[in-house]
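Q: take a look and give me a structure for this.
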Amino acid sequence: MAGYVGAIDQGTTSTRFMIFNHSGEEVAKAQLEHEQILPKAGWVEHDPIEIWERSRTVIEQALQRGGLKGSDLEAIGITNQRETTVVWDPNTGQPHHNAIVWQDTRTDRIASALEREGKGDVIRQKAGLPPATYFAAGKVQWLLENVDGLREKAENGQAIFGTIDTWVLWNLSGGVNGGVHMTDVTNASRTMLMNLETLDWDDELLGFFGIPRRMLPEIKSSSKVYAHTVAGGPVGAEVPIAGMLGDQQGAVVGQVAFTPGEGKNTYGTGNFFLLNTGNEIVRSKSGLLTTLGYKFGDEPAVYCLEGAIAVTGSAVQWLRDQLGLITDAAETEALSKQVDDAGGMYFVPAFSGLFAPYWRSDARGAMVGLARYHTKAHIVRATLESICWQSKEVADAMYKDSGVELEFLKVDGGAVVNDHLMQMQADILGVPVARPQVAETTALGSAYAAGLAVGFWSNKDEMRQNWLEDKRWEPQWDDAKRQEGYAGWKKAVERTFDWVDVS
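A: Residues are numbered from 1 along each chain as shown. Predicted structure coming up:
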């Protein structure tokens, strides 16, 4: 089929626009980073206006690079950093505060109070999530309590909330001139406010956080026509905006993990390991999240178990930006190969506390087992190994919850270009790891959702045929080496607990 589908991939550190053909192949791309605003220790913010301007620019650049016009696009999808929270005035389009990013820990006391008050189990049962700084509801509550006059504005319609998908959709569909205020089930499931069974905002949960219902966007399917771009906007034509998926659910769809038991691990700023559990809601007893995988049109919702790891790729960024040990992330592969192992040291990058399977907001990062013998290469290798060990902890938790033993792992995201990292992941998990030819499956997944809504792809089987393997890594470690390393990792993780008082 002729024609193309575009995808806005708005991530934690950058925004890109990708254009795909019917075979799921990349035709053109543009990408720009945005500022990471760090006002205090543990606080992470983004400028929503900057994010929208970056979105506009990359759309224009990608179309230009591909020699295409907006009218060549059959549809546009949106995928996004999920829990990052924006509150803005719909009459002016101006945010009331910087976006509070998913990594931000300023809401730790809100989260711990929910547990103390016995509300944690209700949130787990209804929303599938533990009370944690990660999710959006606590961020909205913090804004309502700390931005002068915001609660009154929220009550009278001058302050509306959205995760980044909602903010981008609102602007792309006209903003103050008729922009639509919507989100999809996958993003809504990351707020602590949506009931997993009804797929609607839950009044009891809204009451826990003191959030007026009128602030919230309408919850829609992940694949439907929400609105059209405006002719005078960056696309330059009226094109259906027809797919929305949180970034990790976008990768599930991009990896065509449509069968229960299939899963994927995305290596980005954080790591996100999702396992498809079908139409069944599997409630975790092992520190995982129960989340929406996707919902296509009027079909039943598909659920996932998720292991969310806060700091993986951002630990490599830290080596580059804060420590100056490297000048480019690509250097980590050669550096880590200079040593056979990390020399008995471990790095637990709990910069934002620990997410799955621990959910410890009191934890902070630690390097343990250090000796004078250790070099920059050992620290780099320990950083890469930390990505793999954290993923193993999540895989073990998934097995406990689902009884499904991992036999094969599909991987994607920016870090999978590091062959050495992928070999270490195969060694530490003890299963083969496979990288697809299109590694940026997050954007591809939102393109698939959009294309499916307008008939560009007719069904899931058509998308499955597009998945092609690029490279596979087989495990080389024996069980004894794996278990010895894992025991050391567990010991290191324990050293990060109880560092911050969040009572």
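
Q: and for N171, nearest residue in space, chain neighbours not counted?
A: Nearest-residue entry for N171: W52, 4.9 Å, with adjacent residues in sequence omitted and distances by CB to CB, 6 or more residues apart in numbering. From N, CA and C alone the C-beta is placed, and that goes for glycine too.

Q: what sits against M424?
A: M424 makes contact with 384-385, 388, according to CB atoms under 8 Å, 6 or more residues apart in numbering.

Q: ok, so of those residues, who is nearest E33?
A: Comparing the contacts of M424 against E33 with CB to CB places L384 closest, at 22.1 Å.

Q: before we move on, back to that, give me the neighbour count for the residue nearest to N171.
A: By other CB atoms under 10 Å, 23 other residues sit near W52.

Q: where along the stretch 351-500 of the chain do the helices fall?
A: Ranges of helices within the stretch 351-500 of the chain are 376-402, 419-429, 441-453, 460-464, 479-494, based on DSSP state H, counting those that start in this stretch.

Q: need those in a markdown table with distance to E155 and mean pLDDT, can you?
A: Formatted as a markdown table, the helices of the stretch 351-500 of the chain follow (distance: least, CB to CB, whole Å; pLDDT from 0 to 100):
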| stretch | distance to E155 | mean pLDDT |
| --- | --- | --- |
| helix 376-402 | 40 | 95 |
| helix 419-429 | 49 | 96 |
| helix 441-453 | 34 | 96 |
| helix 460-464 | 43 | 93 |
| helix 479-494 | 44 | 96 |
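
Q: H228: which of those is closest?
A: Of all these, helix 441-453 sits nearest to H228, with 12.1 Å by CB to CB.

Q: and the closest one, what does it pack against?
A: Applying 3 or more CB pairs under 8 Å, 6 or more residues apart in numbering; DSSP states H and E, one finds that helix 441-453 contacts strand 4-10, strand 14-20, strand 73-80, strand 223-228, strand 240-246, helix 247-254, strand 263-267.

Q: count of neighbours near N91?
A: Neighbour count of N91, defined by other CB under 10 Å: 10.

Q: ok, now W477?
A: Neighbours around W477, by other CB under 10 Å: 17.

Q: any idea of the pLDDT on it?
A: With respect to pLDDT, W477 has a value of 96.

Q: quick check: chain neighbours aside, which residue is closest to it?
A: D427 (4.2 Å).

Q: A137 too?
A: Spatial nearest neighbour of A137, excluding adjacent residues (CB to CB, 6+ apart): M192 at 4.0 Å.

Q: please, where are all the helices along the stretch 1-150 of the chain?
A: 48-65, 108-116, 120-127, 136-146, 150-155.

Q: how about these in TSV, adding mean pLDDT and distance to D412?
A: Formatted as TSV, those follow (pLDDT from 0 to 100; distance: least, CB to CB, whole Å):
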stretch	mean pLDDT	distance to D412
helix 48-65	97	20
helix 108-116	93	30
helix 120-127	95	26
helix 136-146	98	24
helix 150-155	96	37
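
Q: G179 is nearest to which of the ones you listed?
A: The nearest among the helices of the stretch 1-150 of the chain, by CB to CB, is helix 48-65 at 11.0 Å.

Q: quick one on the thing from earlier: okay, the helices of the stretch 1-150 of the chain in JSON lines with distance to W467 next?
A: Listed next are the helices of the stretch 1-150 of the chain as JSON lines, based on distance: least, CB to CB, whole Å:
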{"stretch": "helix 48-65", "distance to W467": "23"}
{"stretch": "helix 108-116", "distance to W467": "38"}
{"stretch": "helix 120-127", "distance to W467": "31"}
{"stretch": "helix 136-146", "distance to W467": "31"}
{"stretch": "helix 150-155", "distance to W467": "44"}
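
Q: just those: most buried one?
A: Mean neighbour count (mean count of other CB atoms under 10 Å) peaks for helix 136-146 among those, with a mean of 22.

Q: what does that helix contact?
A: Residues outside helix 136-146 that contact it (CB under 8 Å, 6+ apart): 83-85, 87, 96-97, 100, 104, 106-107, 110-111, 131-132, 150-151, 154, 161, 163, 190-193, 205, 208-211, 215.

Q: for ChimeraX, what selects the buried ones among the residues you listed?
A: Command for ChimeraX that selects the buried part of these, burial taken from 16 or more other CB atoms under 10 Å:
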select :83,84,85,87,96,97,100,104,106,107,110,111,131,132,150,151,154,161,163,190,191,192,193,205,208,209,211,215
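
Q: surely the residue nearest to A137 is in a strand?
A: No - counting by DSSP: H, G, I helix; E, B strand; the rest coil, one finds M192 to be coil, located in no strand.

Q: what separation do you get for it and D184?
A: Per CB to CB, to the nearest Å, M192 is found 17 Å from D184.

Q: for A30, same thing?
A: The value you get for A30 to D184, if CB to CB is used, is 24 Å.

Q: which one of the two has more residues nearby?
A: Taking neighbours as other CB under 10 Å, A30 and D184 compare with D184 leading, 31 against 20.

Q: give the bridge partners for that one, please.
A: K220 (DSSP bridges).

Q: these two touch, right, it and G293?
A: No - counting by CB atoms under 8 Å, D184 stays clear of G293, with 11.5 Å between them.

Q: which ones are touching the residue nearest to A137?
A: Neighbouring residues of M192 by CB under 8 Å, 6+ apart: 123, 127, 129, 131, 135-138, 205, 209.

Q: show me where pLDDT drops low in the protein?
A: In the predicted model of the chain, residues 1-2, 502-503 satisfy pLDDT under 70.

Q: of the helices and strands packed on helix 441-453, which is nearest N418?
A: strand 263-267 (8.4 Å).

Q: what strands line up against whichever helix or strand comes after the closest one, and which way round?
A: Sequence-wise, the next helix or strand downstream of strand 263-267 (DSSP states H and E) is strand 271-278. Note on strand 271-278: by DSSP bridges, its sheet partners are strand 263-267 (antiparallel), strand 302-309 (antiparallel).

Q: okay if I get the ones you listed as CSV plus distance to Y486?
A: Formatted as CSV, the strands paired with strand 271-278 follow (distance: least, CB to CB, whole Å):
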stretch, distance to Y486
strand 263-267, 17
strand 302-309, 16
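
Q: neighbours of the closest residue to R364 other than its chain neighbours, how many?
A: Nearest non-adjacent residue to R364, counting by CB to CB, 6+ apart: W499, 4.1 Å away. Residues within reach of W499, counting by other CB under 10 Å, total 14.

Q: so what's W499 up against?
A: Per CB under 8 Å, 6+ apart, neighbours of W499: 362-364.

Q: so which of these wins on neighbours?
A: A363 (24 neighbours).

Q: tell me how far that residue lies from D247.
A: From A363 across to D247, the span is 24 Å (CB to CB).

Q: quick revisit: out of the helices and strands packed on helix 441-453, flag the one nearest T327.
A: Distance to T327, taken as CB to CB, is lowest for strand 14-20 among these, at 18.0 Å.

Q: returning to what we had before: Serialize the helices and strands packed on helix 441-453 to TSV and add fields for mean neighbour count.
A: Converted to TSV, those look like this (neighbours: other CB atoms under 10 Å):
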stretch	mean neighbour count
strand 4-10	28
strand 14-20	25
strand 73-80	29
strand 223-228	21
strand 240-246	30
helix 247-254	31
strand 263-267	27
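
Q: now these as JSON lines including distance to V394?
A: Below are the helices and strands packed on helix 441-453 laid out as JSON lines (distance: least, CB to CB, whole Å):
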{"stretch": "strand 4-10", "distance to V394": "23"}
{"stretch": "strand 14-20", "distance to V394": "25"}
{"stretch": "strand 73-80", "distance to V394": "21"}
{"stretch": "strand 223-228", "distance to V394": "27"}
{"stretch": "strand 240-246", "distance to V394": "17"}
{"stretch": "helix 247-254", "distance to V394": "12"}
{"stretch": "strand 263-267", "distance to V394": "8"}
